[in-house]
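Student: got a predicted structure here, sequence first:
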Amino acid sequence: DTGSAAAVPINEVDIAYVTPVTVGTPPQTLMLDLDTGSSDLWVFSSLTPSSQVRGQEIYSPAKSSTSKLLSGHTWSIRYGDGSGSRGTVYTDNFTIGGLEVESQAVQTAQEVSSSFTQEQSLDGLVGLGFSTLNTVRPSSQLTFFDNARPKLDEEVFTADLKYHATGSYDFGFIDRAKYTGNITYTPVQQSPGYWTHSLSGYAVGSGAFQSTQIQGISDTGTTLLYLPTAIVTAYYRQVQGAQNSQYYGGYVFPCSSTLPTFTFGIEGARFTIPASYINYTRISPTSSTCYGGLQSSSGLGINIFGDVALKAAFVVFSGTNPPRIGFGTK
Ligand SMILES: CSC[C@H](NC(=O)[C@H](Cc1ccccc1)OC(=O)N1CCC(N)CC1)C(=O)N[C@@H](CC1CCCCC1)[C@@H](O)COc1ccncc1
């Protein structure tokens, strides 16, 4: 089997992408954020206090003839940006792009943090990290990809995220029409549960490529690209008026600045992020100061290859044994 679904930016600066999914019988449609940086599938639900729901679609297990309570099971998750949620667990039929998993663990939120309440176009997440990261207790649950694996034509899913446009996620096949040339693969170290791999180096603008191993995680649920401070300072040294602002919590620069491109390596292949992707957003609608899409990872303890980097390539997440990740030019 295979599946294919849209990845729709939720705002004008691609802060996140959501994908239509269906839960239950008859199908209830929700827009979820497919996130390779976590492994919980959770949704706004009929159990979420109405004071915490603001425009989101909800899943009501009571309205589904195939829902089953996973009694005694709970979950609680905290994300890198401090947001979080917690609740109980049902199993139910779950489909993405025509690919169905029966009795998928669907984690129903009983509490969500304010940043989720404020994000009305995001009805929850589909974790596509390794199932070892799943927070359901007493027994952890499998991700949609792990459940779908046995029926997939190929043990892969792919991300084709786009700049200010709708892209796609495919399951079970690699769509040759979505990239040119060959996919370059590199090994994934699946501990502690992220898609962890190395870049083979980087270049700022037309500068020389610096060959250096940079370990990090490819994370569709993270908006920006977070790299070591030395690389980030080398980048913004090329930007007139750039500064690392304590106030804004990162590098900002005059919106009129000319930004260099940023190139990263996967083994011998090279992928160039256009300057427009790195001119991420105005710090406020009327400001002439802009916030960078490349920021330092020093506060995170981990380098994160988020959407700013991933949308510059066609990415293959391969669940083969051993797992690997592939990048193609598009
Ligand atoms: C550097 S991990 C920060 C990262 N969260 C972001 O990237 C959020 C995404 C967001 C924010 C608001 C609305 C919609 C989306 O966006 C920003 O934080 N920013 C964008 C806007 C910009 N102005 C400021 C910075 C993050 O926790 N991702 C997790 C998934 C994410 C959680 C929030 C909702 C959307 C999905 C996940 O993959 C990684 O979990 C961890 C990573 C490392 N250890 C622990 C957890």
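Tutor: Thanks, I have it.
Student: low pLDDT regions in this protein?
Tutor: By pLDDT under 70, the chain has no low-scoring segment.
Student: near the ligand, which residues of it show up?
Tutor: Neighbours of the ligand within the chain, by CB under 6 Å from any ligand atom: 15-16, 33, 35, 37-38, 79-81, 83, 115, 119, 125, 219, 221-224, 226, 291, 300, 302, 304. Any C-beta I mention is one placed from the backbone N, CA and C, and that applies to glycine too.
Student: narrow the residues you listed to those that are buried.
Tutor: 15-16, 33, 35, 37-38, 79-80, 119, 125, 219, 221-224, 226, 291, 304 (16 or more other CB atoms under 10 Å).
Student: quick one: the helices in the stretch 151-300 of the chain?
Tutor: With DSSP state H, counting those that start in this stretch applied, the stretch 151-300 of the chain shows helices at 229-236, 275-278, listed in chain order.
Student: and Arg78, what does it touch?
Tutor: For Arg78, the contacting residues are Gly84, by CB atoms under 8 Å, 6 or more residues apart in numbering.
Student: switch the cut-off to 10 Å
Tutor: Gly84, Ser85, Arg86, Ser113, Thr135 (CB atoms under 10 Å, 6 or more residues apart in numbering).
Student: next: Gly207.
Tutor: Going by CB under 10 Å, 6+ apart, the list of residues near Gly207 reads Ala234, Tyr235, Gln238, Pro260, Thr261, Thr263.
Student: measure it to Gly201 for me?
Tutor: Going from Gly207 to Gly201 by CB to CB, to the nearest Å gives 11 Å.
Student: which residues do the two both contact?
Tutor: Counting by CB under 10 Å, 6+ apart, the residues touching both Gly207 and Gly201 are Thr263.
Student: before we move on, the earlier item: mean neighbour count for the helices of the stretch 151-300 of the chain - can I get that in a markdown table?
Tutor: Listed next are those as a markdown table, based on neighbours: other CB atoms under 10 Å:
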| stretch | mean neighbour count |
| --- | --- |
| helix 229-236 | 18 |
| helix 275-278 | 19 |
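Student: can I take it that Ser150 is in a helix?
Tutor: Residue 150: Pro, not Ser. Yes - counting by DSSP: H, G, I helix; E, B strand; the rest coil, one finds Pro150 located in a helix.
Student: tell me who's in contact with it.
Tutor: Asp1 are the contacts of Pro150 under CB under 10 Å, 6+ apart.
Student: against the ligand, how distant is it?
Tutor: Shown here: Pro150 relative to the ligand, a distance of 26 Å by CB to the nearest ligand atom, to the nearest Å.
Student: my read is that Ser71 contacts Thr88, right?
Tutor: Yes - here Ser71 reaches Thr88: they are 8.9 Å apart, a contact under CB atoms under 10 Å.
Student: who's more crowded, the two?
Tutor: Set Ser71 next to Thr88 and count neighbours by other CB atoms under 10 Å: Thr88 wins out with 19 against 8.
Student: please name the residues that touch the closest residue in space to Thr29 that isn't next to it in sequence.
Tutor: In this structure, Thr29 finds its nearest non-sequential neighbour in Thr22, 5.3 Å apart by CB to CB, 6 or more residues apart in numbering. By CB under 10 Å, 6+ apart, the contact list for Thr22 reads Gln28, Thr29, Leu30, Tyr59, Asp92, Asn93, Phe94, Thr95, Ile96, Gly97, Gly98, Glu100.
Student: tell me the one of those residues nearest the ligand?
Tutor: Set against the ligand, the nearest of the contacts of Thr22 by CB to the nearest ligand atom is Leu30 (14.3 Å).
Student: burial of the closest one, as a residue count?
Tutor: 23.
Student: separation between Thr222 and Ala309?
Tutor: 10 Å.
Student: if we can go back for a sec, ok, which pair from the contacts of Arg78 is furthest apart?
Tutor: Greatest spacing in the contacts of Arg78, by CB to CB: Ser113 and Thr135 (14.7 Å).
Student: out of everything not next to it in sequence, what's closest to the residue of the stretch 201-330 of the chain found nearest the ligand?
Tutor: For the stretch 201-330 of the chain, the residue closest to the ligand is Gly221, as judged by CB to the nearest ligand atom, at 2.9 Å. Computed as CB to CB, 6+ apart, the closest residue to Gly221 that is not its neighbour in sequence is Asp35, at 3.0 Å.
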